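**Q** Sequence plus predicted model, see below.
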Amino acid sequence: MVSDGVDIRKAAYKLPTDVQEMDGLALQRLGIQHTIWSLMIGGLYPVGVTDQVDNLLKAEPERQPIVLDVGCGSAIWSIGMANNFPHAQVVGFDLNAQKFSDAPKNFRFIQGDLSSTLPEFVGRADIIHCRCVAQHVKDPQALTRLLSATLRPGGLLLLADGDWIVYDQHKKLVEPFKWWESSTTGLEESMALEEDARGRSWYAGWLDFFGNLTRSKEYRPIEELVKNVEELTMLDSSRYLSPINWPGEGIENGKDLGQVLNINQRNFFIGAKDIALRAGLSREMIEIWGRHYVEEIDHGHLYNVWYYVTAQK
């Protein structure tokens, strides 16, 4: 995936992160993603760890509980936690500069690389939240070990991530349309590829395409990452299916999830066009791909896949 001599797979983070994007479409996307997670798990964290969270963050005269949000993005999760637990110190970390004019006083933001910013909190954090970050760092296992080291004994890790695979209405894996042509592909060649793609999913293909661009080669399922850290004890590992533009079958909050996912995935396609161009996809191919993509998410009965792991030190 090389364009102008640059392999974008080597970039630190490939999705939109500049200030303009964070103030616009990407910020909207992050807010929508937060809504998706909240609908899936029942709030800011899974219901099953409510007692642990309340116990870890109870007010104590001799110390202030600490909550860390690693890769906080718009900080919508950490600001929510700061509002819910005003006696706790909540800290958001991200590589990109952010401004939080409406944040509560018990929230603060630290910009920088985790290897240089997290050591301040080693052995001190009561709760660490890390959502949709692990697969995008160079060494996901090293990140998980760093998160563990940052927790105090008895501390709680909330680790979540998405997948780039798609399931059909029967919850079977969908075969993606895969594109591996050069950036010189024109309209005639694109139309030939469109014919060749019949029977495979353009939507699943777009996710597969970006999964290959953005996921670390060292990535393993988050359950495996946690199991490889001796100091962590797994509490729960869950897989969530989120329907797109339909309520799904037996899915809690399925109707709301379906509507929100449709908006999110439309935004994702629009926001990722420039990245696709830089990766070598032609404008003609993107136009064709987008038409089939929207048709599938509007009328197909598809599911996205997400994972959530809770663990205690």
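**A** Nice, I can see it.
**Q** rest of the way, CA atoms for contacts and neighbours
**A** Fine.
**Q** so what's Ser282 scoring on pLDDT?
**A** Ser282 carries a pLDDT value of 83.
**Q** show me what contacts the closest residue to Pro176 other than its chain neighbours?
**A** In this structure, Pro176 finds its nearest non-sequential neighbour in Gly205, 4.2 Å apart by CA to CA, 6 or more residues apart in numbering. Taking CA atoms under 8 Å, 6 or more residues apart in numbering, we find Gly205 in contact with Glu175, Pro176, Phe177, Lys178, Trp179.
**Q** In PyMOL, select just the buried ones from the residues you listed.
**A** Selecting only the buried entries of the contacts of Gly205 in PyMOL, with 16 or more other CA atoms under 10 Å as the criterion:
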select buried, resi 175+176+177+178
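**Q** Looking at the contacts of Gly205, which is nearest Val260?
**A** Pro176 (22.6 Å; CA to CA).
**Q** For the closest one, give me phi and psi.
**A** Pro176 adopts backbone torsions of phi -80, psi 150, taken as degrees, to the nearest 10.
**Q** was I right about it contacting Tyr203?
**A** Yes: applying CA atoms under 8 Å, one finds Pro176 in contact with Tyr203, separated by 7.3 Å.
**Q** send the alpha carbons of the helix or strand where Ala160 lies over as PDB?
**A** Assessed by DSSP states H and E, Ala160 sits inside strand 151-167. The C-alpha trace of strand 151-167 is given here as PDB (Å, rounded to 0.1, in the frame of the first residue of the first chain):
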ATOM      1  CA  LEU A 151      -2.700  -0.100  37.900                       C
ATOM      2  CA  ARG A 152      -2.400  -0.400  41.600                       C
ATOM      3  CA  PRO A 153      -3.000  -3.800  43.200                       C
ATOM      4  CA  GLY A 154      -6.700  -4.500  42.900                       C
ATOM      5  CA  GLY A 155      -7.100  -2.000  40.100                       C
ATOM      6  CA  LEU A 156      -9.500  -2.600  37.200                       C
ATOM      7  CA  LEU A 157      -8.600  -2.600  33.500                       C
ATOM      8  CA  LEU A 158     -11.400  -1.900  30.900                       C
ATOM      9  CA  LEU A 159     -10.000  -2.900  27.500                       C
ATOM     10  CA  ALA A 160     -12.200  -2.700  24.400                       C
ATOM     11  CA  ASP A 161     -11.600  -3.000  20.700                       C
ATOM     12  CA  GLY A 162     -13.500  -3.500  17.400                       C
ATOM     13  CA  ASP A 163     -13.000  -6.000  14.600                       C
ATOM     14  CA  TRP A 164     -12.800  -5.500  10.800                       C
ATOM     15  CA  ILE A 165     -15.000  -8.600  10.000                       C
ATOM     16  CA  VAL A 166     -18.700  -8.600   9.200                       C
ATOM     17  CA  TYR A 167     -21.400 -11.200  10.000                       C
END
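**Q** And the strands in the stretch 51-200 of the chain?
**A** 66-70, 89-94, 107-111, 125-131, 151-167 (DSSP state E, counting those that start in this stretch).
**Q** Let me have the ones you listed in TSV, adding distance to Ala272, mean neighbour count and mean pLDDT as columns.
**A** Output for the strands of the stretch 51-200 of the chain, formatted as TSV (distance: least, CA to CA, whole Å; neighbours: other CA atoms under 10 Å; pLDDT from 0 to 100):
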stretch	distance to Ala272	mean neighbour count	mean pLDDT
strand 66-70	23	25	98
strand 89-94	21	23	96
strand 107-111	24	18	95
strand 125-131	20	23	98
strand 151-167	14	21	98
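**Q** Give me the below-cutoff pLDDT ranges for the stretch 151-300 of the chain.
**A** Within the stretch 151-300 of the chain, the segments meeting pLDDT under 70 span 179-198.
**Q** hey, where'd the helices end up in it?
**A** Counting by DSSP state H, counting those that start in this stretch, the stretch 151-300 of the chain has helices at residues 187-196, 202-214, 222-227, 254-271, 273-278, 283-299.
**Q** and the angle from the fourth one to helix 283-299?
**A** The directions of helix 254-271 and helix 283-299 differ by 170 degrees, with axes from the mean of the first three to the mean of the last three CA atoms, to 10 degrees as the criterion.
**Q** How far off centre is helix 254-271?
**A** The gap between where helix 254-271 is centred and where its chain is centred comes out at 14 Å by CA atoms, centre = their mean, to the nearest Å.
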